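Student: output the structure for:
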Amino acid sequence: MSGGLVALLDDVAAIARLAAASLDDIGAAASKAGVKAIGVVVDDTAVTPRYVTGFTPDRELPIIWRIAKGSLRNKLVFILPAALLLSQFLPWAITPLLMLGGAYLSFEGAEKLLEAFTGHHDKAGEQNTKLGSADHEEQMVTGAVRTDFILSAEIMAIALAEVSGEPFLSRALILALVAVMITLLVYGVVGLIVKMDDFGLKLAGTRSGAARAFGRGLVRTMPVVMAALSVIGTIAMLWVGGHILIDGLDKFGVSAPAHTLHDASHAAGHAVPFASGVVTWLVETLGSGLVGLLVGGLIVGALHLRRH
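Tutor: Numbers count the residues shown, from 1 in each chain. Presented below is the predicted three-dimensional model:
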């Protein structure tokens, strides 16, 4: 399993356990959520900035705000009630639904890679959509909220598993708290990253020589950072999707992929003792990403064959 995502899920589980300890400690759980949600910030920070590429600076924060509202709506209006009902009446259905989401994430990542390597994009959409237009913005926001739905469902499902023994109302309050805190933290950080180049421009216009130099450095490097985050976001879709699929198979008794990846990553870590943790994480992440690429590639191939 992907080490980064496993750490995230462990952290979310810890948040849920803490909140479940006592409803009187909801405030403390909120503070812990802000700290413990750092893992999910990494994945969502990598995925989200690519959705504001091609827009004027004055539209960047409004677009992120629209995505953040869509993310919160995903969690509170759709995922939370569905998760509570499933846990109450159909607990066995949660894992297969998550695996469908993992397959979709894998498909999205594989399709983006195919477009990057072949240069072939959705020409039909491009013919009617001008870069930076209102229609383009709507497409980007819709795509971002759709992708966020899968990531949010994974987080909420893991948190739900940790508080499944709590009364129904307690579960609802705890999950709502986790949803709000994670959304605020994720999209707050994304907004700061996206506007960093504008901050650099302001610094470049100040009287301080050091501030001007730092500001010019930000302006020069942020386009490179944003381009890198776009690539990382695509890769993150594959490794998160792959992890969900591997974990789901493991829960259904098909444990070979999870055990093979676990053994291989720990063997690699033992082979490089001075960087054991990093190597273990890299191998686990690479393995999950390859599974995501394989599944996503098969789906992309099947859809392309059907279209032709």
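Student: most remote residue from the protein's center?
Tutor: Distance from the C-alpha centroid of the chain peaks at Arg207, with 39.9 Å (Cα atoms, centre = their mean).
Student: phi and psi next, for it.
Tutor: phi -80, psi -30 (degrees, to the nearest 10).
Student: what about it, distance to Gly215?
Tutor: 12 Å (Cβ to Cβ, to the nearest Å). All C-beta atoms are positioned from the backbone trio N, CA, C, and that covers glycine.
Student: what lies in contact with stretch 211-222?
Tutor: Met196, Asp197, Phe199, Gly200, Leu201, Lys202, Leu203, Ala204, Gly205, Thr206 (Cβ atoms under 8 Å, 6 or more residues apart in numbering).
Student: what's the closest of the residues you listed to Gly277?
Tutor: Checking the contacts of stretch 211-222 against Gly277 with Cβ to Cβ, the nearest one is Met196 at 29.2 Å.
Student: dump the residue contacts of the closest one.
Tutor: Met196 touches Leu218, Met222, Val225, counting by Cβ under 8 Å, 6+ apart.
Student: mind checking the SS state of Ser106?
Tutor: helix (DSSP: H, G, I helix; E, B strand; the rest coil).
Student: count of residues packed around it?
Tutor: 30 (other Cβ atoms under 10 Å).
Student: so it makes contact with Trp239?
Tutor: No - counting by Cβ atoms under 8 Å, Ser106 stays clear of Trp239, with 9.5 Å between them.
Student: what residues do the two have in common as contacts?
Tutor: Joint contacts of Ser106 and Trp239 (Cβ under 8 Å, 6+ apart) are Gly292.
Student: for the contacts of stretch 211-222, which PyMOL command selects only the ones that are buried?
Tutor: This is the PyMOL syntax for the buried subset of those, where burial follows 16 or more other Cβ atoms under 10 Å:
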select buried, resi 197+200+203+204
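Student: closest to Phe117 among the contacts of stretch 211-222?
Tutor: Using Cβ to Cβ, those come closest to Phe117 at Asp197, 27.8 Å.
Student: next one: the closest one, what pLDDT does it get?
Tutor: In this model, Asp197 is scored at 80, pLDDT.
Student: helix or strand right after the helix or strand where it lies?
Tutor: Here Asp197 sits within helix 196-204, counting by DSSP states H and E. As assigned by DSSP H and E, the chain's next helix or strand after helix 196-204 is helix 209-251.
Student: now do that following helix and helix 196-204, the angle between them.
Tutor: When axes from the mean of the first three to the mean of the last three Cα atoms, to 10 degrees is applied, the directions of helix 209-251 and helix 196-204 differ by 170 degrees.
Student: which helices and strands sit right next to the helix or strand following helix 209-251?
Tutor: Towards the C-terminus, the helix or strand next in line after helix 209-251, according to DSSP H and E, is helix 256-271. Applying 3 or more Cβ pairs under 8 Å, 6 or more residues apart in numbering; DSSP states H and E, one finds that helix 256-271 contacts helix 209-251, helix 276-307.
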